[in-house]
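Novice: Take a look and give me a structure for this.
(chains A and B)
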Amino acid sequence: RKEVEQDPGPFNVPEGATVAFNCTYSNSASQSFFWYRQDCRKEPKLLMSVYSSGNEDGRFTAQLNRASQYISLLIRDSKLSDSATYLCVVIAGGATNKLIFGTGTLLAVQP
Amino acid sequence: DAGVIQSPRHEVTEMGQEVTLRCKPISGHNSLFWYRQTMMRGLELLIYFNNNVPIDDSGMPEDRFSAKMPNASFSTLKIQPSEPRDSAVYFCASSFQNGGAYFGPGTRLTVT
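Specialist: Numbers count the residues shown, from 1 in each chain, chains lettered A, B, ... in the order given. As a prediction, this is how the structure comes out:
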């Protein structure tokens, strides 16, 4: 089983739609969680951290479910500019701060 | 802050040549990561450093790859000798404590 798993997509949605991505992780000792965004031929960019209490940044909401070992990202009122690959990232537990990336979910927002 | 700086941005070389990739992390960050990305394998962690010390190099493909971090503001990833299957985008990233990592723009390596 992979340490971090995501549905690769693609998710094709119309502008204005709400879309949700899920990601599961295998190490129950994992401590920190993030969502990254990567545009074609660009570097991954930190989108937001994910906290147990959930956090919101504008149209984006991230949530963590430690019991089920998954994190989610919700995008409301999707824009054309949201089209990208969204990567789930987990920091392994213990003394390490090794960042483990999922394979990413491709989102294509259609006009 | 200029962010993570990588050089060169593009490198084209012939099989068997030595390749050196360079990275300057964000000032104050204490962790540095080298990743490789290809269409087939996605984003792979090669090695990471904490306070200039290599912590986990289990992702380094083989002895042809080596990485150093002589000080807090500089790291290199060397491939010697290079092979066509090393062609990929190599990213350097840095972070502070358990925060998210910030990536450099990457080096696009082509080995012919």
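
Novice: Kindly report the residues of chain B close to chain A.
Specialist: Those residues of chain B that sit near chain A, judged by C-beta under 8 Å from any C-beta of the partner chain, are B:31, B:33, B:35, B:42-43, B:45, B:48, B:50, B:55-56, B:91, B:93, B:95, B:97-106. C-beta: built from backbone N, CA, C; applies to glycine.

Novice: Buried only: go through those for me.
Specialist: Buried members of these, scored by 16 or more other C-beta atoms under 10 Å in any protein chain shown, are B:31, B:33, B:35, B:42-43, B:45, B:48, B:50, B:56, B:91, B:93, B:95, B:99-106.

Novice: What residues does the closest residue to A:Ala17 other than its chain neighbours make contact with?
Specialist: Among residues not flanking A:Ala17 along the chain, A:Ser78 sits closest, at 5.2 Å (C-beta to C-beta, 6 or more residues apart in numbering or on different chains). Going by C-beta atoms under 8 Å, 6 or more residues apart in numbering or on different chains, A:Ser78 touches A:13-19, A:59, A:107, A:109.

Novice: Now do the phi/psi pair for B:Phe103.
Specialist: With angles defined as degrees, to the nearest 10, B:Phe103 sits at phi -100, psi 150.

Novice: Do a quick rundown of the strands in the chain.
Specialist: All of this refers to chain A. Remark: strands assigned in chain A by DSSP state E are A:4-6, A:11-14, A:19-25, A:32-38, A:45-50, A:55-57, A:60-65, A:70-75, A:84-91, A:99-101, A:105-110.

Novice: please go with chain B instead
Specialist: B:5-7, B:10-13, B:19-24, B:31-38, B:42-50, B:53-56, B:65-71, B:74-79, B:88-95, B:102-103, B:107-111.

Novice: what's the least confident helix or strand in chain A, going by average pLDDT?
Specialist: strand A:99-101 (a mean of 89; mean pLDDT, DSSP states H and E).

Novice: If you count neighbours, what's buried in that strand?
Specialist: By neighbour count on 16+ other C-beta under 10 Å, the buried set for strand A:99-101 is A:99-101.

Novice: Of these, which are in range of chain B?
Specialist: Filtering the buried residues of strand A:99-101 for proximity to chain B (criterion: C-beta under 8 Å from any C-beta) leaves A:99-101.

Novice: Redo those as CSV? Include distance to A:Gly54.
Specialist: Formatted as CSV, those follow (distance: C-beta to C-beta, whole Å):
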residue, distance to A:Gly54
A:Leu99, 21
A:Ile100, 22
A:Phe101, 22
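
Novice: Identify the residue nearest residue 28 in space, chain neighbours excluded?
Specialist: Defaulting to chain A. Closest residue to A:Ser28 apart from its sequence neighbours, by C-beta to C-beta, 6+ apart: A:Gln69 at 6.3 Å.

Novice: actually chain B
Specialist: Counting by C-beta to C-beta, 6+ apart, the residue nearest B:Gly28 is B:Phe96, at 6.3 Å.

Novice: What's the local residue count around A:Gly104?
Specialist: Using other C-beta atoms under 10 Å in any protein chain shown, A:Gly104 has 23 other residues around it.
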